[in-house]
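Asks: Provide a 3D model corresponding to the input given below.
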Amino acid sequence: MRSEIKSTCCYCGVGCGVLIAVDDEKIVGLRGDPEHPANRGRLCTKGATLPLSLGQAQRLEYPEFRAQRGVAGQRLSWDAALDQAADRFAEVISRHGPDAVAFYISGQLMTEDYYVFNKLAKGLIGTNNVDTNSRLCMSSAVAGYKQTLGVDAPPCSYEDIGLASTILIAGANPAVAHPIVFRAIEDARAANPALKIVVVDPRRSETAEIADLHLALQPGTDVVLFNGLLQVMIAEQLIDPAYIAAHTEGFAELAALLADFTPAVVAERCGLAVVDIVQAARWFASNGPALSLYCQGLNQSAHGTHNNAALIHLHLATGHIGQPGAGPFSLTGQPNAMGGREVGGMANLLSAHRDLANAEHRAEVARLWGIPEVPAQPGKTAVDLFQAIETGQIKAVWIACTNPAQSLPQQHRVRAALAAADYVVVQEAYATTDTVAYADLLLPATSWGEKEGTVTNSERCITRVQAAVAGPGEAKHDWAIATEFARRLGEKLAHPAVDRLFPYESAEAVFNEHRQSTIGRDLDIGGLSYARLENEGPQQWPCPDQAPGRRRLYTDGRFPTPSGRARFVKLGDTTTADALGPTQPISLLSGRLRDQWHGMSRTGNLPRLFNLDSEPLLGMHPDDMAVRALRDGMVAEVRNARGQFAVRVAADHRLQAGQAWLPMHWGSQFMNSPGVNTLTSSAVDPYSQQPELKHAAVEITALDLPYPLTIIRRCADVSSARTLAQRLQGLLARFPYATLGLYGRSNALVVLRLALAAAPSAELLAELDAAADFSASAGSIEFHDAARGVHKLAWVVDGLLAGVRLAGEDAAQAWLKPALAEDELSSELLRLALAPSARTPIPVAPRHIVCKCADISDQQIIEAFATGADLAGVQERFKCGTFCGSCLPAIKRMAADHLQKQPAAA
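Replies: Residues are numbered from 1 along each chain as shown. A predicted model of the protein is given here:
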């Protein structure tokens, strides 16, 4: 029987609600939950395709021990696997102490998962070495809120986007990274044409395209800019002296420092025009309620905490906080980074926003857990944790639901640390992440659609997540794995209270204990339960009783600081951790793509999510390319003292001269290096310990790799494409330049692109053909030009082109990918697949993708209308316009055009 199960999307921190369609214990579809306050039924391209990314071939299904890392190991029972893990951890703890073990977990876990891991480390083992990939994402936002407002609590709600008169977007690109938030911004602009949008970003991002004012500042100068904006407000008397006097402290000290941040000084430091700085300040201060939206561009910096604080100062100085349409709103990067912060799942935190450094807070948690004490020794944060593994201080590490072998800076050191570790447990849903190669013990975990628990989104809204189906094989929930391990380890360590510490038989039991820990705290959720969340829907905290949760914080001007006042922090000049110079004159920036997420362990399984961005491309300013004799499509080396990698380049006019841009998603599964984090610095913010992942100083030079080789293989289905890609991935490291990706619409393709210094041997070509599964029994068309070293083959199956190998000249790959994806090359034109032309040799009707979420073209919609479908029928058939909704006006126009073309009734 078909049913719908309430859950959430598992990508960014918007926390979109979804309804998962289930039939015969299988997920058969989903739609946005029209009742969920975060998205009201909308979904982005990634969320809309979640059911299509569930391929089981890439999933871990059974525990596995590897006597030799990186090769297939021995299947174990759960009892044997957890006993082994308990034995090894107990041995390390007994010989070297509790701080010789560590846990590195994830903002993609449920709140309940987080809670058990935190209690396991701090309550049972007695170490604070438990940190999370949220350290790379949101820790500067946390520290910024705490320095200024007192606690880690975003004071706004999504509805404030539609109530703001000015929106300042800094270090964020919601058009790509938070598309549903961007849809809300577009709605706000449509409803209020007077709305002013200011975007602060070194690059003219997709979000900047809708801005009234784009402040393209130099990297690392965010504090300088925000100080300059505040100085203009003070000089022009645009601040709110009454609010400052009644509700803040420290303003006079900061104001004295700001005298040096005149518009002229700031303009020179930031590379901006004085008039733009003044205009931004005036709009923010005097145009009505001002809302700021910000994310990794501020956070992932060696002074990320002060980036956040300097922006929050603007709200405090103008009183734009605690009222509709106003406030500093940090956009969360992961689906439950907020939940992890709530339960204290980081090395410097404790349950319910308590601080590890506070002796009273440690005593409170010890009483809640019924243990003598919580250790006072600070735990290792993410970067330090892996450096401690590298030096042997930490002997055993447990990694859950994250991929540090791609996401951390200075990847050569991180991978060396994992290789040197005595014992590595990887608790993971996917077998294809780079970190899996370093595991001694692999433990299969449930993933999206299979998990139970709660998550908290950017606006403090808690949603109940319900499992739609069971996990594959013997996969278990993360909280259950941690609980079973804790019980075994407690027995090995002869801990007297292990049964009382970990009595959980359900996720709900964990939630209830977490709820109890919040009573009386700023995030009090004493009024929540699984039953209430299921019956009444998501709720914002604080929610101490049966009344609805609070939409906005600080409406009374009272802040959770000792004085009850918000704090201004003295902030000076700042710059990037890496300085530019003669040997590294380019600022390498990183960012996100619309259709991929993090390390692509899930989105990288779906061919159509490669259609917009099919391979790693380094964007460069045309002038920088010209100086280096680079043209579009050429291969360049990007390097600094930390390493180097090879990548194709493309001119990008959205960048300023002296800057380059590469998406952070591409790693060793898709190219022959770990990607951008090969070169990023381990420099961290002194308050948040968040590394500067957004910037590295580099040099870029052309590589002499004149011999191109491209293989495109059409596969029977998406599962076959994923399996073939996994097989080809093992070849990437053998070549000076190599990328691997999927592609497709009607058909699923695998695309391998190489660049070599010289023509390959016949033996290597044969090896590549065999790896691409080009059967000798199939028909083929060949072209050889030995003098130029050109060797091309087209494989034909059942009269259709099944794949090509273009060696020595591969211009045709540009049109062959879309042609193969749609079977547009008729049998009589197959020989043209080997033509040396980047232009299609056959007439193909131009196709425009109208619905990016469902990947539906204008031709599909027009043909449906022509065959008698109405708007509702088109939406039911293709699902277009039912996800984010941005294409619905275009579909309605197409429907109206179709009706106008119909002959009038007699």
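Asks: what's around the spatially closest residue to Ala579 that is not a sequence neighbour, how many residues?
Replies: Distance criterion Cβ to Cβ, 6 or more residues apart in numbering; nearest residue to Ala579, sequence neighbours excluded, is Ala697 at 6.4 Å. No exception for glycine: its C-beta is placed from N, CA and C like everyone else's. By the criterion of other Cβ atoms under 10 Å, Ala697 has 21 neighbours.
Asks: Please compute how far the one helix or strand His306 maps to lies from its chain's middle.
Replies: When elements are assigned from DSSP states H and E, His306 belongs to helix 304-318. Computed by Cα atoms, centre = their mean, to the nearest Å, the separation of helix 304-318 from the middle of its chain amounts to 24 Å.
Asks: Can you name the element that comes right after it?
Replies: Per DSSP H and E, the first helix or strand lying C-terminal to helix 304-318 is strand 327-330.
Asks: what does the average pLDDT come to for that following strand?
Replies: Averaging pLDDT along strand 327-330 gives 98.
Asks: Then stretch 815-831?
Replies: For stretch 815-831, mean pLDDT rounds to 79.
Asks: Show residues contacting it.
Replies: 607, 611, 614, 712, 714, 743-747, 749, 751, 781, 794, 796, 799-801, 803-804, 832-833, 837-842, 844 (Cβ atoms under 8 Å, 6 or more residues apart in numbering).
Asks: how does it look with 6 Å?
Replies: In this structure, residues lying in contact with stretch 815-831 by Cβ atoms under 6 Å, 6 or more residues apart in numbering are 712, 714, 743-747, 749, 781, 796, 799-801, 840, 842, 844.
Asks: Show me the two of those residues that sit farthest apart.
Replies: Using Cβ to Cβ, these reach their maximum pairwise distance at Arg745 and Ile781, which is 24.3 Å.
Asks: hang on, Leu124 is in a strand, isn't it?
Replies: No. Counting by DSSP: H, G, I helix; E, B strand; the rest coil, one finds Leu124 to be helix, located in no strand.
Asks: returning to that earlier point: contact partners for the residue nearest to Ala579?
Replies: For Ala697, the contact set (Cβ under 6 Å, 6+ apart) comprises 578, 580, 584.
Asks: So among these, which ones count as buried?
Replies: 578, 580, 584 (16 or more other Cβ atoms under 10 Å).
Asks: Look up which helix or strand the residue lying closest to the second one once chain neighbours are set aside falls in, please.
Replies: Right, Leu580. Using Cβ to Cβ, 6+ apart and skipping residues adjacent in sequence, the residue nearest Leu580 is Ala697, 5.1 Å away. Element membership of Ala697 [criterion: DSSP H and E] is strand 695-702.
Asks: Starting from that strand, tell me which strands it pairs with and how they run.
Replies: The pairing partners recorded for strand 695-702 under DSSP bridges are strand 586-591 (antiparallel), strand 635-640 (antiparallel).
Asks: Average pLDDT for it, rounded please.
Replies: So the average pLDDT for strand 695-702 ends up being 98.
Asks: Now that strand: buried residues?
Replies: Neighbour-count burial for strand 695-702 flags 695-700 (criterion: 16+ other Cβ under 10 Å).
Asks: Ok, stretch 735-750 next?
Replies: Buried residues in stretch 735-750 (16+ other Cβ under 10 Å): 735, 737-745, 747-750.
Asks: Start and end of that stretch, how far apart?
Replies: End-to-end distance for stretch 735-750, by Cα to Cα, to the nearest Å: 18 Å.
Asks: In this structure, spot the helix with the most residues.
Replies: If you go by DSSP state H, the chain has its longest helix at helix 78-96.
Asks: and the angle for the helix or strand that that helix is followed by with helix 78-96?
Replies: Where DSSP H and E defines the elements, the next helix or strand beyond helix 78-96 is strand 101-105. Going by axes from the mean of the first three to the mean of the last three Cα atoms, to 10 degrees, strand 101-105 is angled at 130 degrees with respect to helix 78-96.
Asks: List the strands paired with strand 101-105, with their directions.
Replies: Using DSSP bridges, strand 101-105 pairs in its sheet with strand 130-132 (parallel), strand 396-400 (parallel).
Asks: Which helix or strand lies directly C-terminal to that strand?
Replies: Per DSSP H and E, the helix or strand that comes after strand 101-105 is helix 111-119.
Asks: and that next one, what does it pack onto?
Replies: For helix 111-119, the packing partners by 3 or more Cβ pairs under 6 Å, 6 or more residues apart in numbering; DSSP states H and E come out as helix 478-492, helix 507-518.
Asks: Could you pull out the buried residues of the first one?
Replies: By neighbour count, and taking 16+ other Cβ under 10 Å as the criterion, the buried residues in helix 478-492 are 478-490, 492.
Asks: I'd like those residues as TSV, with pLDDT appended.
Replies: Shown next, in TSV, are those (pLDDT from 0 to 100):
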residue	pLDDT
Asp478	98
Trp479	98
Ala480	98
Ile481	98
Ala482	98
Thr483	98
Glu484	98
Phe485	98
Ala486	98
Arg487	98
Arg488	98
Leu489	98
Gly490	98
Lys492	97
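Asks: Mind putting the residues you listed into CSV with distance to Thr432?
Replies: Formatted as CSV, those follow (distance: Cβ to Cβ, whole Å):
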residue, distance to Thr432
Asp478, 19
Trp479, 24
Ala480, 23
Ile481, 20
Ala482, 23
Thr483, 27
Glu484, 25
Phe485, 24
Ala486, 28
Arg487, 31
Arg488, 29
Leu489, 29
Gly490, 33
Lys492, 32
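Asks: ok, so of those, who is nearest Leu630?
Replies: Nearest to Leu630 among the buried residues of helix 478-492 is Asp478, at 45.5 Å by Cβ to Cβ.
Asks: Now do the contacts for the closest one.
Replies: Neighbour list for Asp478: 109, 113, 445 [criterion: Cβ under 6 Å, 6+ apart].
Asks: So which of the residues you listed wins on neighbours?
Replies: Greatest neighbour count in the contacts of Asp478, by other Cβ under 10 Å, goes to Leu109: 35 neighbours.
Asks: so that residue touches Ile399, yeah?
Replies: No. Counting by Cβ atoms under 6 Å, Leu109 sits too far from Ile399 to count as a contact (11.9 Å).
Asks: how about the helix or strand hosting Arg282: buried residues?
Replies: Using DSSP H and E, Arg282 sits in helix 274-286. Applying a neighbour-count criterion of 16+ other Cβ under 10 Å, one finds 274, 276-285 buried in helix 274-286.
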